[in-house]
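What would the 3D arrangement of this be:
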Amino acid sequence: MRVANMNWKDIEAAAKTDPRCCIPIGSVEQHSYLSVCTDLILAKIGKEGITTAFAERVRPEGFNGFQPLAFSPTAPRAEMKKCMLQLAEFNSRSAKTHSGIHRDLVVRKRTTEVDHQPGLVAQIAHRHGIPRPKLNRLIELIHDIENGRRKMSADVFFYWMGR
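Numbers count the residues shown, from 1 in each chain. The predicted structure follows:
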């Protein structure tokens with residue numbers, strides 16, 4: 001079984017029919033219906049963004065528990081994990097627990113600022129010849145949701161992962 005493409009309910013169900021034990025390397029937090037490897041997947045998109053910032057000779061600054069340098073290509077995985085936990089802790093106390101893009105898609109049902117935020121990073125990365133497969137797919141999926149080609153669901157996340 002491919003644990004990276006499963007949530008905890010999927011793993012529990014599979015374990016009932018298959019006695020073999022699969023141990024993921026990395027995050028095994030619960031993320032509701034999302035993959036148990038969500039944090040590792042999000043780290044990949046973070047690395048694409050930080051690599052782009054470095055290519056532009058920009059040193060990203062942290063805010064609200066987010067430490068962008070934890071996503072640099074040479075940063076230890078433990079730093080990224082610590083950053084994700086700090087950010088989750090900060091957001092758990094906020095009235096805004098989701099991004100503006102998420103709120104635009106789910107609550108306001110309107111076009112997002114995806115082209116002016118992740119889209120701009122993707123353009124800069126392209127200029128530097130930096131691969132950005134996760135970022136490009138994210139932008140594509142947000143446009144699909146905006147234009148009604150996809151519904152907002154866990155399936156979008158799994159498609160983004162390459163499931």
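
check contacts around residue 115.
Residue 115 is in contact with residue 139, counting by C-beta atoms under 8 Å, 6 or more residues apart in numbering. (Each C-beta comes from the backbone N, C-alpha and C, glycine too.)

And residue 118, by the same measure?
Residue 118 touches 49, 135, 138-139, 142, counting by C-beta under 8 Å, 6+ apart.

which helices and strands sit right next to the lowest-mean-pLDDT helix or strand in the chain?
Using mean pLDDT, DSSP states H and E, the weakest-scoring helix or strand in the chain turns out to be helix 154-161, at a mean of 71. The contact analysis (3 or more C-beta pairs under 8 Å, 6 or more residues apart in numbering; DSSP states H and E) places helix 154-161 against helix 38-55, helix 133-146.

Return the member of the ones you listed having the minimum mean pLDDT.
Ranked by mean pLDDT, these bottom out at helix 38-55, with a mean of 84.

For the spatially most central residue of the chain, which non-adjacent residue is spatially closest?
Centroid-nearest residue in the chain: residue 42, 3.0 Å away (criterion: C-alpha atoms, centre = their mean). Excluding the flanking residues, the one nearest residue 42 by C-beta to C-beta, 6 or more residues apart in numbering is residue 84, at 7.2 Å.

The one you found is in contact with residue 41, isn't it?
No: the criterion here is C-beta atoms under 8 Å, and residue 84 misses it with residue 41 at 11.3 Å.

Would you mind telling me which of these two has more residues around it?
A count of neighbours by other C-beta atoms under 10 Å puts residue 84 above the other of residue 84 and residue 41, at 23 against 20.

And the helix or strand containing the residue nearest to residue 42, how far out from the chain middle?
Counting by DSSP states H and E, the element that carries residue 84 is helix 77-92. The chain centroid and the centroid of helix 77-92 are separated by 13 Å, computed with C-alpha atoms, centre = their mean, to the nearest Å.

Okay, now the unreliable bits of the chain?
The chain contains residues with pLDDT under 70 at 1-8, 11, 19-40, 97-98, 158, 161-163.

90 - rerun?
In the predicted model, the chain carries pLDDT under 90 at residues 1-46, 58-68, 71-114, 116-118, 134, 137-138, 141, 150-163.

Nearest to residue 61, out of the contacts of residue 118: which one, please.
residue 49 (13.5 Å; C-beta to C-beta).

residue contacts, that closest one?
Taking C-beta under 8 Å, 6+ apart as the test, what residue 49 contacts is 68, 71, 118, 121, 135.
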